[in-house]
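Chemist: mind looking at a prediction? Sequence and model below.
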Amino acid sequence: MKTELSFISLFEQFIKDSQSGRRLKPNGERIKPQTIDNYRYVLKHLSDFQEVKGFNLRIKPSLKLNKKQLQIELNYWKKFYLKFADYLSVKKGCYDNYIGMVFKIVRVFFNYLKNDRLILTGDFHKKFYVRKEDVPIITLMPDQLQFLINDKAFEESLPDNLKKIKDVFVFGCTVALRCSDIFNLRFRDIETISGQVYLVSKSIKTESLIRVKLPCYAIEILNKYRKSKSVNSKIFGFISKNQINKNLRKLAEFAGWTQIIGKVRKQNGRNVEQYFGKSGRVYRFCDLVSSHVMRRTAITTMLMLGMPEHVVRKISGHTSDSKAFYRYVNFVQSYMDQEIDRVHSRLFPILST
């Protein structure tokens, strides 16, 4: 075996094997296209880093290295980690959450070298610290969702494009599907059993089968778009993600959700205040509304209104040990704590008299 191997060439092969099915998940499933896209983004960062910083990326098999050579390798990968993390943060302006994702993929690549290519590189990659950033959850409160569902005067005041996005948004805030799954829904995914209407779909990301009973207002939305369409027609047609988010922000602004809440991200472990667009203003609630809010709102609403966690997970497609799901639970707990404090603050004067 050569003394040194090309890091970039091996990473390209890692992507090819993941795409072709030669490399699979530990459970035997194929790698998802979205995951492979993330691999490509990381490859682009690595290639740019090598070119801009002049850092020679290479893989040196460690099986026959002596103690001194192993120390050199340890120093090389320490240097790589520090320089690449700094490059992503300073040169590319990436935040800690994204940088953490990049290094998780780099670590997966090293495991591929060991397990699939039988290239022993040592355990240096295990020292690549995966940065974490607890990005705040933005979600509608139950009264905001009720407003969108029930206020017909508000609905009539909207232009046609925002009427449609409101329908999509309300539907998404009800069924807890990912945005990509919502826009892939077809009328054949709607079942009527004993007079009850159900949404039956398979998640694109997790491939789990989801069956959700629909409330009256969601059924009304479906009937509005059914008209003479065939069972194979997509319910909501197609809207680009960029346009969805743009229209959702307008909808939230129309609804009057313009309170200042700010936006802070972490970069190199430091809090960095973010500002909205070219205006440079502090973020308002409406500025932060996006397609992700639909799923978050559905999950948090179910939890807030008392649905057991295991039932919510069944609907949302989260596994029992999902760390992402417990972010919603923690969010709801903080909401409940605030409500308890509010009640106690009213109760305290009574107890003091």
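Modeler: Noted; the coordinates are in hand.
Chemist: burial of the closest residue to Ser230 other than its chain neighbours, as a residue count?
Modeler: Closest residue to Ser230 apart from its sequence neighbours, by Cβ to Cβ, 6 or more residues apart in numbering: Phe187 at 7.3 Å. C-betas here are computed from N, CA, C, even on glycine. Phe187: 15 surrounding residues under other Cβ atoms under 10 Å.
Chemist: measure Phe187 to Val197 for me?
Modeler: Going from Phe187 to Val197 by Cβ to Cβ, to the nearest Å gives 12 Å.
Chemist: give me the phi and psi for Gln196.
Modeler: phi -100, psi 140 (degrees, to the nearest 10).
Chemist: same deal with Thr258?
Modeler: phi -110, psi 20.
Chemist: relative to Thr301, how far out is the residue lying closest to it once chain neighbours are set aside?
Modeler: Distances taken as Cβ to Cβ, 6+ apart place Arg284 nearest to Thr258, at 4.9 Å, with adjacent residues excluded. According to Cβ to Cβ, Arg284 and Thr301 sit 22 Å apart.
Chemist: ok, the two, which is more surrounded?
Modeler: Comparing Arg284 with Thr301 by neighbour count (other Cβ under 10 Å), the higher total belongs to Thr301, at 22 against 19.
Chemist: and the pLDDT for the more buried one?
Modeler: As predicted, Thr301 sits at a pLDDT of 88.
Chemist: and it, which of the three is it?
Modeler: Taken by DSSP: H, G, I helix; E, B strand; the rest coil, the conformation at Thr301 corresponds to helix.
Chemist: dump the residue contacts of the residue nearest to it when sequence neighbours are not counted.
Modeler: Among residues not flanking Thr301 along the chain, Pro142 sits closest, at 5.7 Å (Cβ to Cβ, 6+ apart). Shown in contact with Pro142 (Cβ atoms under 8 Å, 6 or more residues apart in numbering): Thr301, Met304, Leu305.
Chemist: need those residues in a markdown table (columns: distance to Lys241).
Modeler: Shown next, in a markdown table, are the contacts of Pro142 (distance: Cβ to Cβ, whole Å):
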| residue | distance to Lys241 |
| --- | --- |
| Thr301 | 23 |
| Met304 | 27 |
| Leu305 | 29 |
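Chemist: hang on, the residue nearest to Ser230 packs against Ser228?
Modeler: No: if you go by Cβ atoms under 8 Å, Phe187 and Ser228 don't touch, sitting 11.0 Å apart.
Chemist: now do the contacts for Gln50.
Modeler: By Cβ under 8 Å, 6+ apart, the contact set of Gln50 is Ile8, Asn56, Leu57.
Chemist: filter those residues to the buried ones?
Modeler: For the contacts of Gln50, a burial check counting by 16 or more other Cβ atoms under 10 Å picks out Leu57.
Chemist: in helices, which of the contacts of Gln50 fall?
Modeler: Ile8 (DSSP state H).
Chemist: now the strands for the chain?
Modeler: Using DSSP state E, the strands assigned to the chain run over residues 5-6, 58-59, 190-193, 196-202, 209-213, 264-267, 270-273, 275-276, 281-282.
Chemist: before we move on, the earlier item: tell me the pLDDT at the residue nearest to Ser230?
Modeler: In this model, Phe187 is scored at 94, pLDDT.
Chemist: coming back round to it: distance to Ser320, mean neighbour count and mean pLDDT for the strands of the chain - can I get that in a markdown table?
Modeler: Below are those laid out as a markdown table (distance: least, Cβ to Cβ, whole Å; neighbours: other Cβ atoms under 10 Å; pLDDT from 0 to 100):
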| stretch | distance to Ser320 | mean neighbour count | mean pLDDT |
| --- | --- | --- | --- |
| strand 5-6 | 40 | 15 | 94 |
| strand 58-59 | 37 | 18 | 96 |
| strand 190-193 | 27 | 12 | 92 |
| strand 196-202 | 19 | 16 | 88 |
| strand 209-213 | 16 | 15 | 82 |
| strand 264-267 | 29 | 16 | 88 |
| strand 270-273 | 33 | 10 | 87 |
| strand 275-276 | 38 | 14 | 85 |
| strand 281-282 | 39 | 12 | 90 |
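Chemist: in this structure, which helix or strand is least confident?
Modeler: Within the chain, judged by mean pLDDT, DSSP states H and E, the helix or strand with the poorest mean is helix 323-352; its value is a mean of 70.
Chemist: show me what that one is packed up against.
Modeler: Judged by 3 or more Cβ pairs under 8 Å, 6 or more residues apart in numbering; DSSP states H and E, helix 323-352 is in contact with helix 292-304, helix 309-316.
Chemist: can we see that at 7 Å?
Modeler: Helix 323-352 is packed against helix 292-304, with contacts defined by 3 or more Cβ pairs under 7 Å, 6 or more residues apart in numbering; DSSP states H and E.
Chemist: now do the helix it packs on: which elements does it pack against?
Modeler: The helices and strands touching helix 292-304, judged by 3+ Cβ pairs under 7 Å, 6+ apart, are helix 142-150, helix 160-175, helix 309-316, helix 323-352.
Chemist: right, I'll leave it there.
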